[in-house]
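Asks: I need the structure of the sequence given here:
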Amino acid sequence: MTTSPPRAHQDSGELPPLLSALRRLPKHPRLMHYNRLAALVLLANAAYLWAAWPVATHTLGHAALANLALAVLVRQQYVINFLFRLATSAPTSWPLKIRWTLGKVYHFGGLHVGGALAGTAWFLALTVTAPNSPATAVGWALLGLLALIVATALPPFRSRRHDHFEKIHRFGGWAALALFWTHTLLSSPGPVEVGVLAVVTFSVALPWLRLRKVDVRLERPSSHVVLARFDHGETPFAGSSTAISRSPLKEWHSFANVPAPGESGFRLTISRAGDWTGSFIDDLPGQVWVKGITTAGVANIEVLFTKVVYVATGSGIGPCLPHLLAAQVPSRLVWATRDPRATYGDALVDEILAVQPDARIWDTSRHGKPDMVRLAHEAHRDFGAEAVICISNKKLTWQVVHGLERRGIPAYGAIWDS
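Replies: Model prediction:
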């Protein structure tokens, strides 16, 4: 382990040159796989519109239903886990370029966006062209609700008013589903429409059918961090996440599960990062609500590579820790955080060092903030890794991921699309 740079360590190696402009173009943030998938759905709908023109009224309804079903189902936890399992089933003997692309499976949210936009557009066309009827009045109400959901899901609103976005998405989504049922039943539906709506409804309800209040044991090594321990009969797989809440109808927060090999239960690392987490740390609850299905996270793509480097800052160590403990793939850790032992406790730091004796731990309280792109590249080069997985805040994650990908190094990190 290195806790401090013996010299100006960040100057010990030059970053590799940028790819050529042509090869660098697909690495631009606006062309990330998330946006490509959204564009693919919209293009597929445009092609269908071209092929089906002039479009019959029932076709408009079917297209709207299909796209909105896609938007809902691709966010379902079982579907997410299936997508991860499918993408990560490729052997490491496959060409790196293919595995590099498969590792972007967590960009599946682009299908959600594309389906929601296309479905709303199809439903607008259906409502505008439909003759006046009770179904038409319901259609306009549903269209207004869909427009509100889409508008508040746009990045400017979602990033600044995330709590409001979450509530509008939840309650607005439930209301939209009820209106869709009403509109469909008033329009003399066939078995296909009813069947699709039934599947969508069950998908939405399933996480809430698993809602329960469970005991939690909390350890607060500092005023910045709480380690939450759960043992209510479920031991999740490494790299998954659990959503918890103190008020289940208000807001939910997801954290990476940290199961310990050979032990039941799991831990969550909760750092002070806003009002909710701050209140959680200051007023330790004895019980919290959990719901849904244990869901795969971005770091599950590690199995696509022979060796990986984990880059974390602060509480980003939480999502990395289960993979480091499981040691399914040879890995090297680079962790930048302020005073790690004082903040996270000796037990956690010693646990990390037991499985990562060569970890690079950068104490920002002593040495300031490092150049994480350079540190990530050095670890990637020295360890002979194939990929880098970064768990940090949004700004630094983008810096590391795009800073490396533009130099031909596969890199992955959260995209904050929920």
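
Asks: all strands of the stretch 201-350 of the chain, in order?
Replies: 212-215, 217-222, 225-230, 240-245, 253-256, 266-271, 287-296, 308-313, 331-337 (DSSP state E, counting those that start in this stretch).

Asks: which of these is buried the deepest?
Replies: strand 308-313 (a mean of 26; mean count of other CB atoms under 10 Å). Quick note: C-beta positions are derived from backbone N, CA and C, even for glycine.

Asks: ok now that one, how far from the chain's centre?
Replies: The chain centroid and the centroid of strand 308-313 are separated by 17 Å, computed with CA atoms, centre = their mean, to the nearest Å.

Asks: The chain should start at 50 in everything you say after this.
Replies: Sure, I'll start counting at 50 from here, so that last one is strand 357-362.

Asks: Which strands border that strand, and is each parallel or antiparallel?
Replies: According to DSSP bridges, strand 357-362 forms sheet pairs with strand 380-386 (parallel), strand 436-440 (parallel).

Asks: In CSV, could you pull the C-alpha coordinates for that strand?
Replies: What follows is strand 357-362, C-alpha atoms only, in CSV (Å, rounded to 0.1, in the frame of the first residue of the first chain):
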residue,chain,number,x,y,z
VAL,A,357,-9.2,-4.6,-13.7
VAL,A,358,-8.2,-1.4,-11.9
TYR,A,359,-10.7,0.0,-9.4
VAL,A,360,-10.6,3.8,-9.0
ALA,A,361,-12.6,5.2,-6.1
THR,A,362,-12.9,8.4,-4.2
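
Asks: Spatially nearest residue to residue 276 (excluding sequence neighbours)?
Replies: residue 268 (4.5 Å; CB to CB, 6 or more residues apart in numbering).

Asks: gap between the one you found and residue 394?
Replies: Distance, residue 268 to residue 394, using CB to CB, to the nearest Å: 7 Å.

Asks: Same question for residue 378.
Replies: 26 Å.

Asks: sorry, back to before: show me the contacts for the residue nearest to residue 276.
Replies: 275-276, 278, 394 (CB atoms under 8 Å, 6 or more residues apart in numbering).

Asks: Residue 106 and residue 234: what is the separation?
Replies: Where residue 234 is concerned, residue 106 sits at a distance of 17 Å (CB to CB).

Asks: hmm, I was thinking of residue 402
Replies: 61 Å.

Asks: any idea how far residue 461 is from residue 392?
Replies: 25 Å.

Asks: If you count surrounding residues, which of these two has more?
Replies: Under the neighbour definition other CB atoms under 10 Å, residue 392 and residue 461 were set side by side, and residue 461 has more, 28 against 20.

Asks: so the more buried one sits in a helix?
Replies: No - residue state for residue 461 (DSSP: H, G, I helix; E, B strand; the rest coil) corresponds to strand; a helix is not indicated.

Asks: pLDDT (mean, whole number) over stretch 148-167?
Replies: In this model, stretch 148-167 carries a mean pLDDT of 96.

Asks: What are the buried residues along it?
Replies: 148-149, 151-167 (16 or more other CB atoms under 10 Å).

Asks: Then stretch 73-83?
Replies: Neighbour counts over stretch 73-83 (16+ other CB under 10 Å) mark 76, 81-83 as buried.

Asks: and those, which of them are in helices?
Replies: 82-83 (DSSP state H).

Asks: In a markdown table, list the buried residues of stretch 73-83 along with distance to residue 262 and pLDDT.
Replies: Output for the buried residues of stretch 73-83, formatted as a markdown table (distance: CB to CB, whole Å; pLDDT from 0 to 100):
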| residue | distance to residue 262 | pLDDT |
| --- | --- | --- |
| 76 | 45 | 87 |
| 81 | 38 | 93 |
| 82 | 38 | 95 |
| 83 | 35 | 95 |
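
Asks: tell me the two of the buried residues of stretch 73-83 that are most distant?
Replies: Farthest apart among the buried residues of stretch 73-83 by CB to CB are 76 and 83. That separation is 13.3 Å.

Asks: ok, for residue 73, nearest residue in space, not its chain neighbours?
Replies: residue 455 (5.2 Å).

Asks: For that neighbour, the count of nearby residues, please.
Replies: Around residue 455 there are 19 residues (other CB under 10 Å).

Asks: circling back to that earlier point, need the residues touching each of residue 268 and residue 394.
Replies: residue 276.

Asks: Below-threshold pLDDT in the stretch 50-199 of the chain: ranges please.
Replies: The stretch 50-199 of the chain contains residues with pLDDT under 70 at 50-62.

Asks: Contacts only, for residue 343.
Replies: Residue 343 neighbours (CB under 8 Å, 6+ apart): 126, 283, 285-286, 289-291, 306.
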